[in-house]
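Asks: give me a model of this one.
(2 chains)
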Amino acid sequence: MINEERVRELYHIAKYDMTQGTKNSQMGHFYRSDYIWKELIKSFFTGTISFAIIVILIGIYYAKSIIKAFSSFDLEHISIIMVIMYVIFMIVYFLITYVVYYHRYTIGRRNLKELYEHVKRANKLYEDEEINN
Amino acid sequence: MKLLEIRNGIIRLCEKHDFFLRMLVKFVIAFVVFFTINNYIGYYDKISNLPAAIILACICSLLPRDAIMWCAMVVVLINMYELSLEVMIVTLLLFTLFIMLYYRFAPQDGILVVISSIMLKYKMGYLVPMGTGLLRNIFSVIAVSIGTLIFYFLEGVRNNAADLKNVMVANSEESSTKITVALDQIFGNRELAVVMIVMVVATIVVYVIRSRSIDNAWEIAIVAGAITQIIGYIIGYMIIGMLDKSVEVVIGCIVATILGFVLKFFFMNLDYSRTENVQFEDDSYYYYVKAVPKKTIQQQEKTVKHFGNTTNIGKELSEYNKKDNQ
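Replies: Alright, predicted model coming up:
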């Protein structure tokens, strides 16, 4: 006979696997700090590439005026401005990464806890059935 | 009442055929996307035809939702390559920026970028802030902005396609000119700036009002969103000298309002006349709860009338078997 309570628990487990299984799998393997660090390292690369792309696009768009005025450029001054802009860009990008993944980790861990509760209950029901048999 | 019955019927039908409906919706969206790309910027003949669009749509209907966005990106890049290598590079850089700065954090909004672009193509951009503000969260406004940016970039490329294609042998100066022409569609496009600002403001207005705890929040949000768009577009177009679009704006906003009410009917049909305000407390907090019941109708009870001999109705098969054995 079908054990309805067990089917209910198994349904919750299967639903979690289908919808959030892969997305939340990392929350079970990493501490919060490790998880966020991992994402921040990824952000370092993606942020740097993004900044480079933005600079390249703007540079190409204003290429003619840049070439015309190139001789009068104070390269040292421009380099410092670029570095400052890069640092500001990266700080903002890191902040967004931190907030997004901190929040995501909190929700992921909560969902994972709920999943463990369902798994525990399903196991208990299996054990009870074995004892009764 | 009849409308509520129809709504419940539609919802039940969707729940019943969920799997096939999802596939069908994905197919329709994907087909519209590829068909539009083919007709709009289909420079590469081998993939810019109806069979290719149908095949791609079929493939996308079997894959996860984001596949539509990835396939659309690839198709656009191929078409841009056929037009000019430089334009393809700029497009690729723009897509990479979008993926790294936004898609990484909110992959669920990828499809919204595609839908925004397609809606703008068919002059239905006024519906986007309404749908996004009512059904998505506030961060989706970034996806709407990116969709708008991509559409106006591609439109600009299309309008300058002849110039971009004519230079067959590109030396370094011509290459630079081509890239500048392509980038000018973003940096020098005043209409893009107006549309993007109005869309962002309207989406935020709709989202903020509909998430307030006030009676008829959704209705107020829909009307406020439409008015924001009308005022925003008319002022914007007045500044850039495109007032001839005013009629289109008004008609578009009326259609957007109708869509808003249709969405409200399906997703937030509340009965404010039965609102309950309750207060209770526990050890740490006082709770002020406002509960607004949904408009629902009770399922019609079916009565079955029996005519003639009804003595055997409802008896289990086992009873017949017993009789047979006896």
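Asks: okay, now residue 62: neighbour count?
Replies: If you meant another chain, say so; for now it's chain A. Residues within reach of A:Tyr62, counting by other CB atoms under 10 Å in any protein chain shown, total 14. The way it works is simple: take the backbone N, C-alpha and C, and place the C-beta from them, glycine included.
Asks: correction: the question concerned chain B.
Replies: Based on other CB under 10 Å, the number of other residues close to B:Leu62 is 10.
Asks: quick check on it: phi, psi?
Replies: Per-residue torsions, B:Leu62: phi -90, psi -20 (degrees, to the nearest 10).
Asks: the closest residue to it other than its chain neighbours in helix, strand or coil?
Replies: Residue nearest to B:Leu62 in three dimensions, not counting chain neighbours: B:Met23, with 7.2 Å by CB to CB, 6 or more residues apart in numbering or on different chains. The three-state label given to B:Met23 by DSSP: H, G, I helix; E, B strand; the rest coil is helix.
Asks: mind listing what the nearest residue to B:Lys26 once chain neighbours are set aside touches?
Replies: The shortest distance from B:Lys26 to any non-neighbouring residue, by CB to CB, 6+ apart, is to B:Ser61 (4.4 Å). B:Ser61 makes contacts with B:23-24, B:26-27, B:30, as judged by CB atoms under 8 Å, 6 or more residues apart in numbering or on different chains.
Asks: out of those, who has the most neighbours?
Replies: B:Ala30 (26 neighbours).
Asks: give me the contacts around stretch B:191-206.
Replies: By CB under 8 Å, 6+ apart, stretch B:191-206 touches B:120, B:125, B:128-130, B:132-134, B:138, B:140-141, B:144-145, B:148-149, B:152, B:185-186, B:221-222, B:224-225, B:228-229, B:232-233, B:236-237, B:239-240, B:242, B:260.
Asks: try 7 Å this time
Replies: B:125, B:128-130, B:132-134, B:138, B:141, B:144-145, B:148-149, B:152, B:186, B:221, B:224-225, B:228-229, B:232-233, B:236-237, B:240, B:242 (CB atoms under 7 Å, 6 or more residues apart in numbering or on different chains).
Asks: would you mind measuring from A:Ala122 to B:Glu191?
Replies: 58 Å (CB to CB, to the nearest Å).
Asks: the more surrounded of those two?
Replies: A count of neighbours by other CB under 10 Å puts A:Ala122 above the other of A:Ala122 and B:Glu191, at 20 against 15.
Asks: in three-state terms, label the residue of the stretch 101-250 of chain B found nearest chain A for me.
Replies: Proximity of the stretch 101-250 of chain B to chain A (CB to the nearest CB) peaks at B:Leu183, 4.4 Å away. Per three-state DSSP, the local secondary structure of B:Leu183 is helix.
Asks: within range of chain A, give me the residues from the stretch 1-150 of chain B.
Replies: Proximity of the stretch 1-150 of chain B to chain A (CB under 7 Å from any CB of the partner chain) is limited to residues B:93, B:96-97, B:100-101, B:104-105.
Asks: ok, B:Lys26 - contacts?
Replies: Counted by CB under 7 Å, 6+ apart, B:Lys26 has contacts B:60-61, B:65, B:68.
Asks: could you chop the chain up by domain?
Replies: Going with chain A. A:1-28, A:29-132 (the TED database).
Asks: um, chain B though
Replies: Annotated domains of chain B cover B:1-83, B:84-270, B:276-320 [automatic domain parsing].
Asks: name the element B:Phe280 belongs to?
Replies: Taking DSSP states H and E as the criterion, B:Phe280 maps to strand B:276-281.
Asks: which other helices and strands does that strand contact?
Replies: Counting contacts by 3 or more CB pairs under 7 Å, 6 or more residues apart in numbering or on different chains; DSSP states H and E, strand B:276-281 packs against strand B:286-291.
Asks: pLDDT on the strand it packs on, on average?
Replies: For strand B:286-291, mean pLDDT is 75.
Asks: what segments of chain A are helices?
Replies: Applying DSSP state H to chain A gives helices spanning A:4-19, A:21-29, A:32-61, A:63-68, A:75-132.
Asks: let me have the ones you listed in TSV, extended by mean pLDDT.
Replies: Putting the helices of chain A into TSV (pLDDT from 0 to 100) gives the following:
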stretch	mean pLDDT
helix A:4-19	80
helix A:21-29	75
helix A:32-61	91
helix A:63-68	80
helix A:75-132	89
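Asks: redo those helices as CSV? Include distance to B:Asp271.
Replies: Compiled in CSV, the helices of chain A are given as follows (distance: least, CB to CB, whole Å):
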stretch, distance to B:Asp271
helix A:4-19, 30
helix A:21-29, 36
helix A:32-61, 43
helix A:63-68, 62
helix A:75-132, 32
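Asks: got a list of what the most centrally placed residue in chain A touches?
Replies: By CA atoms, centre = their mean, chain A has its centre lying nearest to A:Tyr101, at 5.0 Å. Residues counted as contacts of A:Tyr101 (CB under 7 Å, 6+ apart) are A:35-36, A:39.
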